[in-house]
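> What shape does this take:
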Amino acid sequence: MRNNLAVIAFGGNAILKSHERGTQEEQVRHCDEAADLMAQIVQRGYDLIIVHGNGPQVGNVLIQMEEASNKIPPFSLDVCVSISEGSMGYMLERSLRNQFRKRSLKKEVATLITQVMVDPRDPAFENPSKPIGPFFTAFRAQTLKKEKKWPMVEDSGRGYRRVVASPLPQSIINMEIIKALVREGTCIIAAGGGGIPAYYDGHDNIKGVEAVIDKDYTSSMLAGELKADLFVILTSVEHVAINFGKKTQKNLTRVRLKELKRYQEKGHFPPGSMGPKIKAAIAFIESGGKEVIITTERELIKAIKGQSGTHIVK
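Next up, the predicted model:
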């Protein structure tokens, strides 16, 4: 009989803070902090799958590619996603192994470079909307638009940026490996940044695609297929709220699926903020999941104990 299984998703900004330079030393320190939290959850009897975001990290990889483009041919976006998956997974895995050894926890850790299948006919490809990477001058943006056929948009007076599609995940190529590792009780770091977007061409060959996948959607799909006991989404607020930012704001502590869907229909969770997390939570519960917790890193352990956060149940 296996331990309870928890899937925990957190953003890339948990490892690379917006007010910091983003040095390797800073990111390693934040990985140590995250690993300390994860180890506490393992001590509470959970097996873990960790899904990290990579927005700031893959953005930096793309900046490195642009700055070196006159000397070294740049990689495509899907390869850049894999670079961030590997480097972030390595730092997190090292921190986790150190924490487990420190606490005398006999727990293996595996980082999995994860390919996630998308539908090449997804409507998102018709309307790329996710800005990524460096800011360009108008001249450089026009050159890239002509040479690489990249859609470019002006971004708040700061310059021009490339926009890419954000299709919905359909399946995870590495799922059978993940299931085998779960059976062994391994702590798994998988689907970093939502996974590397891929599709099957007309000859059933896997092809990478230049797009990004929302990590919360991939995490929800992963948790649902593995029949996880708990799905945790870490964000910047302690609770999900309705009427957010208004005098009538109400924090949700424990909410049933039916009630949450009513709030969703009334527009309480905008697409650019809490919307994707609520959609991911609903999808997990509707797939048979038992519970979703949405809270901050700081409140995570209290939330696991039922003392904080928003708890979504069927």
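
> contacting residues around K302?
K302 sits next to S308, G309 when contact means C-beta atoms under 8 Å, 6 or more residues apart in numbering. The C-beta positions use only the backbone N, C-alpha and C, and glycine is treated the same way.

> Return the distance of it relative to I206.
From K302 across to I206, the span is 42 Å (C-beta to C-beta, to the nearest Å).

> again, but for F139
From F139 over to I206 the distance is 37 Å, taken as C-beta to C-beta.

> Repeat that for E33.
Looking at E33 against I206, where the rule is C-beta to C-beta, the gap reads 36 Å.

> go on, N70?
Counting by C-beta to C-beta, the gap between N70 and I206 amounts to 31 Å.

> So for the two, which residue has more residues nearby?
Neighbour count, other C-beta atoms under 10 Å: between N70 and I206, I206 has more, with 11 against 6.

> Where is the longest helix in the chain?
helix 77-102 (DSSP state H).

> Run the chain-centre distance for that one.
A distance of 13 Å separates the centroid of the chain from that of helix 77-102, by C-alpha atoms, centre = their mean, to the nearest Å.

> Strands of the stretch 51-200 of the chain, start to end?
Along the stretch 51-200 of the chain, the segments classed as strands by DSSP state E, counting those that start in this stretch run 109-112, 115-118, 130-136, 152-154, 160-164, 169-172, 187-190, 196-200.

> partner strands of the second one, parallel or antiparallel?
Right, strand 115-118. Neighbouring strands of strand 115-118 in its sheet, by DSSP bridges, are strand 169-172 (antiparallel), strand 196-200 (parallel).

> Kindly report the same for the fourth one.
Sheet partners assigned to strand 152-154 using DSSP bridges are listed as strand 160-164 (antiparallel).

> hmm, who's touching the partner strand?
The set of residues that contact strand 160-164 without belonging to it, under C-beta under 8 Å, 6+ apart, is 77, 128-138, 140-141, 144, 150-155, 210-212.

> in that strand, what counts as buried?
Residues Y160, R161, R162, V163, V164 are the ones in strand 160-164 that count as buried (16 or more other C-beta atoms under 10 Å).

> Now the spatially most central residue of the chain. Nearest residue, chain neighbours left out?
Among the residues of the chain, K215 comes closest to the average C-alpha position under C-alpha atoms, centre = their mean, at 2.9 Å. Spatially, and ignoring its direct neighbours in sequence, K215 is nearest to G194 (4.2 Å; C-beta to C-beta, 6 or more residues apart in numbering).

> per-domain residue ranges of this protein.
Taking automatic domain parsing as the domain assignment, the record places the domains of the chain at 4-119+170-313, 128-164.

> Go through those and pick out the most buried.
domain 4-119+170-313 (a mean of 18; mean count of other C-beta atoms under 10 Å).

> Endpoint to endpoint, it covers what distance?
Looking at domain 4-119+170-313, the gap from its leading to its trailing residue is 17 Å under the measure C-alpha to C-alpha, to the nearest Å.

> How far does it sit from its chain's centre?
Counting by C-alpha atoms, centre = their mean, domain 4-119+170-313 is centred 4 Å from the centre of its parent chain.

> Can you list the low-confidence ranges for the protein?
Residue ranges of the chain with pLDDT under 70: 1.

> And N98, how close does it get to G194?
In this structure, N98 lies at 27 Å from G194, with C-beta to C-beta as the measure.

> Beyond the helix or strand hosting G224, next helix or strand please.
Under the assignment given by DSSP states H and E, the secondary-structure element containing G224 is helix 215-225. Toward the C-terminal end, the helix or strand that comes next after helix 215-225 (DSSP H and E) is strand 230-234.
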